[in-house]
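J.: model the following, please.
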Amino acid sequence: MSIQAPVSIEDRSAPTGPGLRGSIRRRPLTWFFSLAYLLSWVAWTPYILSENGLGIWHFAFPGAGGTTQLLGVLPGAYLGPITAALLITGVTEGRRGLRAWRGRMTKFKVGRRWYVLVLVSVPAALTLTSAALAGRGPAMPPVVVLAAFLPGLIM
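T.: Model (predicted):
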């Protein structure tokens, strides 16, 4: 009777192999956070270098809702993590994993009351916050902010 050493998680996983794919399969969480960070900064670089940021590039982002950050900063906040998740899932789990990921991203298993709660509470929070920051009574946030809320919620 022989005693075997416990098998580590890496030993039980699919063969990882050498190279970049093997590295991603061995350490998917490290790669996810590194890629999310890198891709977000790549998306933010034009805004930082534009007239709205450091002024190196002679280009200014158009204002939306009284701020240029909506078009300059928000894409990096979403696209970095989502693209990193897509890439890491594709490398580690293949097409089957990507189909499962898409299914989880598009499946909504909550009651209608939660949708109503979000649709009502976020504009209410925006209104209360703008009133508190303005130092006066109830104030409506800019119409553009409220108009951008629903498409942003759907995205």
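
J.: need the longest helix for the chain.
T.: Under DSSP state H, the helix in the chain containing the largest number of residues is helix 74-106.

J.: in terms of secondary structure, what does that one contact?
T.: Applying 3 or more C-beta pairs under 8 Å, 6 or more residues apart in numbering; DSSP states H and E, one finds that helix 74-106 makes contact with helix 19-26, helix 28-49. All C-beta atoms are positioned from the backbone trio N, CA, C, and that covers glycine.

J.: from Trp101, how far off is Thr89?
T.: Between Thr89 and Trp101 the computed distance is 5 Å (C-beta to C-beta, to the nearest Å).

J.: nope, Gly90 is what I was after
T.: For Gly90 relative to Trp101 (C-beta to C-beta), the value is 9 Å.

J.: returning to what we had before: report the inter-axis angle for the longest helix of the chain versus helix 19-26.
T.: Here helix 74-106 runs at 60 degrees with respect to helix 19-26, directions being taken by axes from the mean of the first three to the mean of the last three C-alpha atoms, to 10 degrees.
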